[in-house]
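**Student:** Give me coordinates for this.
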Amino acid sequence: MVQAALSFGVSVIAVTYAITHLPGDAWIRGFLLLGLLYVVTSTDARRVRPVQTAARALTPSGPLT
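**Tutor:** Predicted structure coming up:
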């Protein structure tokens, strides 16, 4: 898990660096950065949802008192 998170972090930093140093207009770089943000957040949501579901399955059901 640590190796995957580290690899993902390094790749996001590398792609962000590459996008910010592209030649061209700022709106093109901004569009690419928004696309990168979408990919990162959707990937994170796919990782977080199963963890939350598993945690919810381990908690007792019923109201907390």
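
**Student:** I'd like to know which helix or strand in this protein has the lowest mean pLDDT.
**Tutor:** helix 26-58 (a mean of 79; mean pLDDT, DSSP states H and E).

**Student:** Give me the phi and psi for L22.
**Tutor:** In terms of degrees, to the nearest 10, the main-chain angles of L22 are phi -70, psi 140.

**Student:** Let me see the contact set for the nearest residue to it once chain neighbours are set aside.
**Tutor:** Spatial nearest neighbour of L22, excluding adjacent residues (CB to CB, 6 or more residues apart in numbering): R29 at 5.8 Å. The way it works is simple: take the backbone N, C-alpha and C, and place the C-beta from them, glycine included. Applying CB atoms under 8 Å, 6 or more residues apart in numbering, we find R29 in contact with I19, T20, L22.

**Student:** Next one: G24 relative to V39, how far apart?
**Tutor:** G24 sits 20 Å away from V39, going by CB to CB, to the nearest Å.

**Student:** Could you check which of those two is surrounded by more residues?
**Tutor:** V39 (12 against 8; other CB atoms under 10 Å).

**Student:** roughly how far apart are that one and I19?
**Tutor:** From V39 to I19 the distance is 12 Å (CB to CB).

**Student:** Next: S7.
**Tutor:** From S7 to I19 the distance is 19 Å (CB to CB).
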